[in-house]
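Peer 1: Sequence first, predicted model second:
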Amino acid sequence: MNENKKVTMSIISEDGSIDEVEVVIAFEFKDTKKEYVVYTKNEKDDNGNVTVYVSFVDRSSEPPRLCGIDDEDEWNRVKDVLRNLSKKEQ
């Protein structure tokens, strides 16, 4: 994949509004077969850091839905992936 090419996707909110977001990374845990996507709307927080969002991809419906991560163990695994990616970027 070309590292300079931005991948975008459209997210349709429950109210019907559509946001175009930039995909940072998508990955799957092989043991659970669960897919995740990390994306940004290129918003910045008070410290100037770009805000990123992480969602579980639910493909049981069409179109696929992005869902929050409620399980603490699952969230810790996702955070480990993000920390490892952050280390590689430095």
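Peer 2: The structure has been received and is ready for your questions. Numbering: from 1, shown residues only.
Peer 1: what's the neighbour count on V21?
Peer 2: V21 sits with 18 neighbouring residues when counted by other CB atoms under 10 Å. C-betas here are computed from N, CA, C, even on glycine.
Peer 1: helix/strand/coil for it?
Peer 2: Using DSSP: H, G, I helix; E, B strand; the rest coil, the three-state assignment for V21 comes out as strand.
Peer 1: So which residues of the chain form helices?
Peer 2: 72-89 (DSSP state H).
Peer 1: middle-most residue in it, spatially?
Peer 2: To find the centre residue of the chain, average its C-alpha atoms and take the closest one (CA atoms, centre = their mean): that gives V38, at 1.7 Å.
Peer 1: got a list of what the spatially closest residue to it that is not a sequence neighbour touches?
Peer 2: Spatial nearest neighbour of V38, chain neighbours left out: V24 (4.3 Å); criterion: CB to CB, 6 or more residues apart in numbering. Taking CB atoms under 8 Å, 6 or more residues apart in numbering as the criterion, V24 is in contact with V38, Y39, T40, V52.
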